[in-house]
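>>> any chance you could fold what I've pasted below:
(one chain, ligands or ions: 1)
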Amino acid sequence: MSENFQDPAIRSLDIRTDLGEVANLIELCFSSQMDPDGWSYLTAIRRASRNRRYIRWIPGAGERVSYPLFGYVWEENSRVVGNLSLIPIFKNEEWRYLIANVAVHPDFRRKGIARKLTLAAIQHARSQGAAAAWLQVRSDNPSARELYRSLGFIERAQRTSWLRKKTQPPVAELNPEVKVAPREDAEWQFQSVWLERIYPIEVSWNLPIHYERYAPTLKNKLFRLVEGERIQHWTARLQDRPIGTATWEPTTLHADNLWVGTDPAAEMLTIRNLLPRIQQDLDTGRPLMVNYPSGCAETAFVKSGFFRLNTMVWMEKRLDNS
Ligand SMILES: CC(C)(COP(=O)(O)OP(=O)(O)OC[C@H]1O[C@@H](n2cnc3c(N)ncnc32)[C@H](O)[C@@H]1OP(=O)(O)O)[C@@H](O)C(=O)NCCC(=O)NCCS
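Numbers count the residues shown, from 1 in each chain. Below you'll find the model as predicted:
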């Protein structure tokens, strides 16, 4: 298809003047599906729109949210009615651009605005020598998925975020044969393999998972002592055989992360018994979030007191050969 996106209505985002209007547009287009981090993000953009000194304080940078320092807007009569953000990321030896916050005012939809904004973003990424453009779209948003598919994006992964609220009552009926205890150093050899199965390199590059911090090395142990790092690991064992692990990693967002790795043959058993016990062990009173391949172990998550926050489709458009 033709990539003629040049349109006088498109221009680069100007963070000195556009952030207030962009925040309004994001709220209008995403409020029905926004989680608490989304709302904090919006508050931060609004604060930054009033005082530029706050831009660098937008919370969560580098974790799950992306904030609009660069991107494109679509203007109609000097009013921003379309927007997207572009975030460059260097991972796995290549530059990629993440496209986020694609939003068009309801009164201006089906006129090709999102298509042209996305084409402008692709063109920008290509002009910067990026190897690929990526984006994440909710699985229950068929129109946006169709838009990206028509522009050459390919679905690479589907990931569900499972959330356990702090108010969730303890889960009963745990299997007494599954024993849960702090991870032993020697179990890292299993854990590292299991984690790479659940969080392979194709998705870990854009998740706040830090493999290098979880190995039981002297350096990591010293770092924990000196910096007071609070990461914790557990192992589930069946008849003394490790069947799964989980790592708790606190965040500054509304929920802490749990990174779950299991023996594929014991996935349901592990999740069903390990996760509730971790919740009992942790006395932080904070919600827990697990990012997991969608369609896997869903019953076990539900029985462990988690609910599906969302399922995101990760899409990629390679730029190197075109
Ligand atoms: C998704 C969204 C950005 C599309 O904006 P838009 O400017 O209306 O999209 P376009 O006019 O460029 O449409 C391009 C293609 O997307 C698909 N599409 C867009 N809206 C659609 C709809 N409501 N139903 C079916 N297909 C749709 C079509 O394939 C369309 O091509 P066509 O018009 O030639 O059939 C807009 O609906 C929106 O802001 N939604 C809320 C926020 C959101 O979900 N953003 C996406 C986050 S990843």
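>>> isn't residue 288 up against residue 168?
No: assessed by Cβ atoms under 8 Å, residue 288 is found out of contact with residue 168, at 9.3 Å. Quick note: C-beta positions are derived from backbone N, CA and C, even for glycine.
>>> quick one, which of these two is more surrounded?
For residue 288 versus residue 168, neighbours defined as other Cβ atoms under 10 Å are more numerous around residue 288 (24 against 16).
>>> please enumerate the helices of the protein.
For the chain, applying DSSP state H gives helices covering 19-30, 36-50, 113-127, 142-150, 188-198, 201-204, 211-214, 218-227, 267-281, 298-303.
>>> buried residues in the fourth one?
The reference is to helix 142-150. Residues of helix 142-150 classed as buried: 144-145, 147-148 (neighbour count, 16 or more other Cβ atoms under 10 Å).
>>> equivalent analysis for stretch 306-322, please.
For stretch 306-322, by 16+ other Cβ under 10 Å, it's 306, 309-310, 312-317, 319.
>>> that older thread, with pLDDT and distance to residue 245 as extra columns, can I get the buried residues of helix 142-150 in CSV?
Putting the buried residues of helix 142-150 into CSV (pLDDT from 0 to 100; distance: Cβ to Cβ, whole Å) gives the following:
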residue, pLDDT, distance to residue 245
144, 97, 35
145, 97, 34
147, 98, 39
148, 98, 35
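>>> closest one to residue 236 among the helices of the chain?
helix 267-281 (4.3 Å; Cβ to Cβ).
>>> contact partners of stretch 298-309?
Around stretch 298-309, the neighbours that count as contacts under Cβ atoms under 8 Å, 6 or more residues apart in numbering are 35, 160-165, 168-171, 267-269, 271-272, 275-276, 279, 288-290, 292.
>>> give me the buried subset of the residues you listed.
35, 160-164, 168, 171, 267-269, 271-272, 275-276, 279, 288-290, 292.
>>> what is the neighbour count of residue 156?
Number of residues near residue 156 (other Cβ under 10 Å) recorded here: 13.
>>> I figured it hits residue 202, correct?
Yes: using Cβ under 8 Å as the test, residue 156 is close enough to residue 202 to be in contact (6.1 Å).
>>> so which residues on this structure come close to the ligand?
By the rule Cβ under 6 Å from any ligand atom, the part of the chain lying against the ligand is 29-30, 102-104, 109-115, 137, 141, 143-144, 146-147, 150.
>>> filter those residues to the buried ones?
Buried among these (16+ other Cβ under 10 Å): 29, 102-104, 113-115, 137, 144, 147.
>>> list the contacts of the residue nearest to residue 102 when sequence neighbours are not counted.
Excluding its sequence neighbours, the residue lying closest to residue 102 (Cβ to Cβ, 6 or more residues apart in numbering) is residue 84, at 4.6 Å. With contact taken as Cβ under 8 Å, 6+ apart, residue 84 is in contact with 71-72, 99-103, 114, 117-118, 121.
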